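Trainee: need a 3D model of the sequence below.
(2 chains)
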2 protein chains.
Amino acid sequence: MPPHQKADDQRSGCPINLTLEALGDRWSLIVIRDIMFGNRRHFRELMAGSQEGIASNILASRLKALVENGLLSKAEDPSHKQKLTYSLTEKAIQLVPMLAVMGAWGRRYMPVTRELAVRAELLEDGGPELWSRLMDELRVQHLGAPPPPEGLTVFRQLREAYEAACAQEK
Amino acid sequence: MPPHQKADDQRSGCPINLTLEALGDRWSLIVIRDIMFGNRRHFRELMAGSQEGIASNILASRLKALVENGLLSKAEDPSHKQKLTYSLTEKAIQLVPMLAVMGAWGRRYMPVTRELAVRAELLEDGGPELWSRLMDELRVQHLGAPPPPEGLTVFRQLREAYEAACAQEK
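Mentor: Below is the predicted model:
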């Protein structure tokens, strides 16, 4: 398709519109967020850990659409043939800056809960340099890239900050 | 409301989730985009210029919700009492970085049309420094801030690049 022609099923060829169309409804980004920051790779984990209480039929349909749109890949778990493991693709890993700026805006204008906002704060403070390191670490976890010598430091920093904030709430 | 409690009608207090909830469906960001980059301030202009062919009932409902959620303000036009002028609030102006990273992602992964992608390219290349200047200019256009001595240069640069790309397509 020539770059200046739009497909008939797209509303326009505007990059913002197409991004909104690709991500579909808001559940898609919620699922990507949970795979990305929670490293939840299986249907059951995504259901059980859902802060938003996603319904199983919604989760199933969004996982299917995300695979079809090239944002997730799926593979059979070597130990259980029935169990599928979902991984982010490079296309989904490149959503890190979008999720970071969405989190920053939400933290400024919405009534966020503290333990769910600490990771957004770290991402905002770290800026593009931290996002880039996180993206490299996600390539290790999801695309099988060789691990950096220092390990998954950004991923661990985000998880530890979240766990510490959760512990304080109790 | 204490910051660690969520309102009953919100799915969770996660900043990313709340941002998605605040912006509602994808039409909301499309309307904000047209007001922001096209400076379309009236219902009629927003309808007539819509690249995505927004339906009038959808446009009316989204404008209403955006005003209720504090993303737009509305005022009677001094010359026509029936005519309402919509303006971005500071909360909406702060969406510039989100729209910029959405455009950058769309340009990389989606079949964008060239004339609709030139502004996204300029925003991506300009980075946070350009976004910040654009936000200052939007404060002049929408919040009545005093204009900078050099005028609305980023807004004009984006508009001229778009018009030049449109002219080439013809």
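
Trainee: residues in contact with stretch A:155-167?
Mentor: Outside stretch A:155-167, the residues that touch it by C-beta atoms under 8 Å, 6 or more residues apart in numbering or on different chains are A:37, A:39, A:114-116, A:118-119, A:122-123, A:134, A:137-138, A:141. C-betas here are computed from N, CA, C, even on glycine.

Trainee: er, stretch A:47-63 actually
Mentor: Against stretch A:47-63 from outside (C-beta under 8 Å, 6+ apart): A:24, A:27-28, A:30-31, A:34, A:38, A:40, A:43, A:46, A:72, A:74, A:86, A:116, B:11-12, B:14, B:17.

Trainee: mind checking which of those residues land in strands?
Mentor: In this view, the contacts of stretch A:47-63 that belong to strands under DSSP state E are A:72, A:74, A:86.

Trainee: so what's the last one up against?
Mentor: Counting by C-beta under 8 Å, 6+ apart, residue A:86 touches A:35, A:41-42, A:63, A:67, A:72-74.

Trainee: same thing but 6 Å
Mentor: Contact analysis of residue A:86 by C-beta atoms under 6 Å, 6 or more residues apart in numbering or on different chains lists A:41, A:72, A:74.

Trainee: of all the residues you listed, which comes closest to residue A:147?
Mentor: Distance to residue A:147, by C-beta to C-beta, is smallest for residue A:41 among the contacts of residue A:86, at 17.2 Å.

Trainee: next, the closest one: phi, psi?
Mentor: With angles defined as degrees, to the nearest 10, residue A:41 sits at phi -110, psi -10.

Trainee: what number of residues lie near it?
Mentor: 21 (other C-beta atoms under 10 Å in any protein chain shown).

Trainee: please name the nearest non-neighbouring residue to it.
Mentor: Once flanking residues are discounted, residue A:41 sits nearest to residue A:85: 4.9 Å by C-beta to C-beta, 6 or more residues apart in numbering or on different chains.

Trainee: partners of the one you found in the sheet?
Mentor: Counting by DSSP bridges, residue A:85 is bridged to residue A:75.

Trainee: for the biggest helix by length in chain A, buried residues please.
Mentor: Scanning chain A for the helix with the most residues, using DSSP state H, yields helix A:114-143. Using 16 or more other C-beta atoms under 10 Å in any protein chain shown as the test for burial, helix A:114-143 gives A:115-124, A:126, A:130-131, A:133-135, A:137-139, A:141-142.

Trainee: close to chain B, is that helix?
Mentor: Yes - for helix A:114-143, a contact with chain B is found by C-beta under 6 Å from any C-beta of the partner chain, at A:114, A:116-117, A:120.

Trainee: tell me which two of those residues sit farthest apart.
Mentor: Pairwise distances across the residues of helix A:114-143 next to chain B (C-beta to C-beta) peak at 10.7 Å, for the pair A:114 and A:120.

Trainee: so where's chain A uncertain?
Mentor: A:1-9, A:170 (pLDDT under 70).

Trainee: can you give me the helices in it?
Mentor: A:15-23, A:26-38, A:43-48, A:56-68, A:90-93, A:96-109, A:114-143, A:153-169.

Trainee: so of these, which one's packed in deepest?
Mentor: helix A:15-23 (a mean of 24; mean count of other C-beta atoms under 10 Å in any protein chain shown).

Trainee: many thanks, we can stop here.
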